[in-house]
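K.L.:
can't give you the sequence, but here's the structure:
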């Protein structure tokens, strides 16, 4: 008998009609002789409604109380899903994150899962019941409810799949799987059948919105193979798993575009040891995530630093840097928001040379100017004009042979 | 330092604006140096919305899953109340019923409180925090969420007041307290300052809707003095407590009218031992609550039985009785729905004679015909025409000297 963990997101749980459809899909797996744990999200929009209500009260809410508040969204859907299964004649029982034994650290609103005590879930599976677990939430050592932040239900699913030693973990969403590029931008993008954890992580951190990095990281660390697929059809999705040798035959697995980037240039600062450290410490102290960093070689004792930050953080970055610049000889800060990052990702880069050259050649032919470049073992990212990034993505997609025939 | 348990019902928690008002009222008690545990209900209407959603899925829901579903209403309001207190600079922390240590039996949707482990609440009170507890809900020995049914938050409040040895328990509602009669019917009704548990119980079971019987019973059993008062003003309410000798000076404390009554007459059955038992066993098996019962003396071996049931149960009562009547000689069932019950309640009846006579005289003068009569130590109830019961209530209110001057 195979054991499956299925995760259904907020769109799949959108209303009572959709919840019934989810129940039917779970029943299919049961009818095929599987054991099923279903991890569900809140109905789409409910979490935002609850946040709006809290905002009518305070702009600076206690995170502990926000977790108490936000965790009701999934508690509603687990009960409704169980009822929908009962109506189909399928035995089912629902559990909150706390009841399902999902133990987390104490960091409210962005808690990390520490352990899962799967005894309760296991016992129910043994009696032949479908177990419905509230995603996105757990409980800390003091018995307080915690939540995991955006994408938290994926994390719940992967962690439970690991804890109950599931044979399969299916992440149901509103797209068919992971694509070689965003199909809204690159019409010839194809669904990827298999992808390694590392590639998935690089795509996630490069702007692909299918899954949050930490769920993929958790799956990688615990070696949970999962499939991203649509709850609205029965197409096969994308399997995410440990890299196997044949994956390296494909040089570029996919392309990601991130338009939420701004370029910051710090010019005219003293080129001495510790200058860069002072700059990035100031940004870290302001909780600003810096992505790409390029330092030009200094001349005449003067250096320039260029880096990218999320667009929403540019004001805060400038403010954080002001006091530092005075110390560093009175440099200057300039911000360019009309930029975007294009990344090509593939484990094949490890064994194929010339990927960077092919990328730059393709961009040059399309007359796209490259502003910044960074590379990792399986990724090359470039910053280009935001106006040109969609066209760049299409050109690069074709150049690396990713176009659907 | 005095310790107060305050309970706020669904109307008091109706929207964010009202929740803020509740927080202000709690702050007043804190500013006066009290420790406060606040027990809150779901926002008015939320429970019905959740029930409606479940009904779109099934007409026959699992009660365990309904408890999972319905308990989210209070979980939302405890968090919002805590946030509203924080915004006023008051330290506060919220707990679900389970977290607050409210242990119940396993009867879902109408669970009974078994014990309260008040350690968590006590510890928080010791640190100076307001503790907000979700009403209406607890947890059974298997860790499953249970709810208490209608009026359940009152029960939570009374039970917690007992567990934390509160000096006062305040039940906030949308009326000023317990009245000598329903002010919508009897314009001269007065608020009662003090009432005994027994009187309050008799009024509750006689149609007064201020509180459910079991909360009063629980308070009586654990000797919790509580005050019913309005959350919309600062008037003193009605204190409910153990009977004291001076209470007996008042013969009639209050009058209750129950229009949800139907009279059932079972006529022409064999007058033999066990006939009545067969009739009422059949009704009990159908879970029909029978209120007043009168059996006429039998003649010629034939007897008549008359009793009252809630109006919604008349069809089921007739159906339940059909097979029994065949056994009992082929009797006949007649139902009269145009009836209502008027009750006068007061511990003073124990020591004052002639109350029944005074009641019947008053009704006779108003030309109200009495259909059935039952009495207990502190209550006399009569069934009269429903069309005449409001007028009867006014006449009796005056006759027993209850009118406001």
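P.N.:
Okay, I see it. Given the structure is predicted, the values throughout are model-derived calculations rather than measurements. Numbers count the residues shown, from 1 in each chain, chains lettered A, B, ... in the order given.

K.L.:
from now on I want contacts and neighbour counts done on CA atoms only, so please keep to that.
P.N.:
Will do.

K.L.:
got the residues of the stretch 101-250 of chain A near chain B?
P.N.:
Applying Cα under 8 Å from any Cα of the partner chain, one finds that the stretch 101-250 of chain A approaches chain B through residue A:143.

K.L.:
OK, contacts around the residue of the stretch 101-250 of chain A found nearest chain B?
P.N.:
Scanning the stretch 101-250 of chain A for the residue nearest chain B gives residue A:143, at 7.2 Å (criterion: Cα to the nearest Cα). With contacts taken as Cα atoms under 8 Å, 6 or more residues apart in numbering or on different chains, residue A:143 has the following neighbours: residue B:99.

K.L.:
just say helix, strand or coil for the closest residue to residue A:149 other than its chain neighbours.
P.N.:
In space, residue A:149 comes closest to residue A:110 once its chain neighbours are excluded; the distance is 4.9 Å by Cα to Cα, 6 or more residues apart in numbering or on different chains. Using DSSP: H, G, I helix; E, B strand; the rest coil, the secondary structure recorded for residue A:110 is coil.

K.L.:
and the helix-or-strand element of chain A with minimal mean pLDDT, what does it pack onto?
P.N.:
Across the helices and strands of chain A, the lowest-confidence element by mean pLDDT, DSSP states H and E is strand A:293-295, at a mean of 82. Helices and strands touching strand A:293-295, as assessed by 3 or more Cα pairs under 8 Å, 6 or more residues apart in numbering or on different chains; DSSP states H and E, comprise strand A:302-309.

K.L.:
picking up where we left off before, quick one: the residue nearest to residue A:149 from residue A:63, how far?
P.N.:
Summarising the geometry, the distance separating residue A:110 from residue A:63, computed by Cα to Cα, to the nearest Å, is 9 Å.

K.L.:
compare these two (neighbour count), which wins?
P.N.:
residue A:110 (19 against 16; other Cα atoms under 10 Å in any protein chain shown).

K.L.:
ok, that one - contacts?
P.N.:
Contacts were defined as Cα under 8 Å, 6+ apart; by that measure residue A:110 touches A:146, A:147, A:148, A:149.

K.L.:
so which of those residues wins on neighbours?
P.N.:
residue A:146 (33 neighbours).

K.L.:
in chain A, where is pLDDT below threshold?
P.N.:
In the predicted model, chain A carries pLDDT under 70 at residues A:297-298.

K.L.:
who are the contact partners of the residue of chain A most remote from its centre?
P.N.:
Distance to the chain centre peaks in chain A at residue A:300, reaching 43.3 Å (criterion: Cα atoms, centre = their mean). By Cα under 8 Å, 6+ apart, the contact list for residue A:300 is empty.

K.L.:
do the same with residue A:329
P.N.:
Here residue A:329 is in contact with A:268, A:269, A:270 (criterion: Cα under 8 Å, 6+ apart).

K.L.:
for ChimeraX, what selects the buried ones among those residues?
P.N.:
The following ChimeraX command selects only the buried members of the contacts of residue A:329, with burial defined by 16 or more other Cα atoms under 10 Å in any protein chain shown:
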select /A:268,269,270
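
K.L.:
parallel or antiparallel, list what pairs with the helix or strand harbouring residue A:343.
P.N.:
Taking DSSP states H and E as the criterion, the element that holds residue A:343 is strand A:332-345. In its sheet, strand A:332-345 lies beside strand A:254-270 (antiparallel), strand A:379-385 (antiparallel), with partners assigned from DSSP bridges.

K.L.:
tell me the angle of the first one relative to strand A:302-309?
P.N.:
On the basis of axes from the mean of the first three to the mean of the last three Cα atoms, to 10 degrees, strand A:254-270 is oriented at 150 degrees to strand A:302-309.

K.L.:
now do the last one
P.N.:
An angle of 100 degrees separates the directions of strand A:379-385 and strand A:302-309 when computed by the same axes, to 10 degrees.

K.L.:
for strand A:379-385, the distance to its chain's centre please.
P.N.:
The chain centroid and the centroid of strand A:379-385 are separated by 19 Å, computed with Cα atoms, centre = their mean, to the nearest Å.

K.L.:
okay, now the residue nearest to residue A:15 when sequence neighbours are not counted: neighbour count?
P.N.:
With Cα to Cα, 6+ apart as the measure, residue A:43 is the residue that lies nearest to residue A:15, at 6.6 Å, once sequence neighbours are left out. Neighbourhood size, residue A:43 [other Cα under 10 Å]: 21.
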